[in-house]
Each structure stands twice: as structure tokens, then as C-alpha cells.
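Novice: dropping the sequence and predicted coords here.
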Amino acid sequence: MDDALVLTYAELEFLLRSQEPGPVDVRAQLELGPAEELAAAARAGVSSLLARGLCVLGGEGGSDVTPTPEVLVVIAGLTTATEATRALGWVQGRPVLVHLLYGPVTRLVLMPGQHGQYTVMALDPELTVADQLSRFVD
């Protein structure tokens, strides 16, 4: 995942449900709400991912949903995170809240936007949490 990817909260909810949850409660971190209240959002999320070409149907009868490689990176970051941090910084002169997820597989930053959208980017795996935060806050 080289570039930023914009995902809706419904798409994120579907991705969170696609694997067993990790040690970090990502729903709580992102303030999505409890999983039991988000079943309809997850159904909308998979429909949206399929329509955008970020997931494809396969398998016998075309019922298996397969994520693209860039979405697999997001799934790995969401479901294997062992550490989560929130930070408030500045992007192009405006304050922005970011969520940093760190784990053994990948590191992500998620920036909430308007209308339930999140910009998701992979972080440099060579930098520490402190270095990532310093870059953002500076």
C-alpha cells in the first residue's frame, strides 16, 4: 500500500469482521461503536468494497469475497495491532486527529474525515512510534 486509501466506516467494519480481532479494540479506538450494532454497516461495507473493486468475488458460485493486496495490508494492520495511539496535529494548516496502529505485521495511520470516511496509509516500518508522532506533530 504505497498511497493513501480512503475507506468508509462501513468498509472498515467489514474488514474488522473478516479476521479474528487482535489485542487492540480498533472499534473503540476509532469510535465506530459496538460490533453488535454494526452488522448492517458491515453488509454495506462489503457491497461498497466490491463496487469499488477493492474486493472481488470468487470461489465456487462467486460467493467468496477476496480483498485486493492493498486492502490485505489494511486488514493486517487492523487485526494484528498490538498498540494504538491517538494524536492531534496539523495538516495543511488545520487540526487533524490521527490514529496510529502498530503491530508485528504492519503499521497504519487512519485520519478521520467527513461523513464517516477515513484516510488510511501504511507507516514506515523502520520508524518508532515516537518518531512517527514527531513527524506528524511537527
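Specialist: Perfect, I can see it now.
Novice: now do the buried residues in stretch 78-96.
Specialist: 78, 79, 80, 81, 84 (16 or more other C-beta atoms under 10 Å). C-betas here are computed from N, CA, C, even on glycine.
Novice: what's the answer for stretch 5-13, then?
Specialist: Along stretch 5-13, these residues count as buried under the neighbour rule (16+ other C-beta under 10 Å): 5, 7, 8, 9, 10, 11, 12, 13.
Novice: now the terminal residues of that stretch, how far apart.
Specialist: Taking C-alpha to C-alpha, to the nearest Å, the first and last residues of stretch 5-13 lie 15 Å apart.
Novice: would you list the buried residues of stretch 78-96 in TSV and tack on pLDDT?
Specialist: As requested, the buried residues of stretch 78-96 are arranged in TSV below (pLDDT from 0 to 100):
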residue	pLDDT
78	95
79	94
80	94
81	94
84	94
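Novice: roughly how far does residue 23 sit from residue 130?
Specialist: 20 Å (C-beta to C-beta, to the nearest Å).
Novice: wasn't residue 101 part of a strand?
Specialist: Yes: counting by DSSP: H, G, I helix; E, B strand; the rest coil, residue 101 is located in a strand.
Novice: in space, what's closest to it - neighbours in sequence excluded?
Specialist: residue 81 (3.9 Å; C-beta to C-beta, 6 or more residues apart in numbering).
Novice: return the subset of the buried residues of stretch 5-13 lying in strands.
Specialist: 5, 7, 8 (DSSP state E).
Novice: ok, the residues you listed vs residue 59, which is closest?
Specialist: Closest approach between those and residue 59, by C-beta to C-beta: residue 7, at 23.4 Å.
Novice: mind listing the residues bridging to the closest one?
Specialist: Legend: beta-bridge partners of residue 7 under DSSP bridges are residue 118.
Novice: picking up where we left off before, so which of the ones in strands among the buried residues of stretch 5-13 is the closest to residue 92?
Specialist: Nearest to residue 92 among these is residue 5, at 18.9 Å by C-beta to C-beta.
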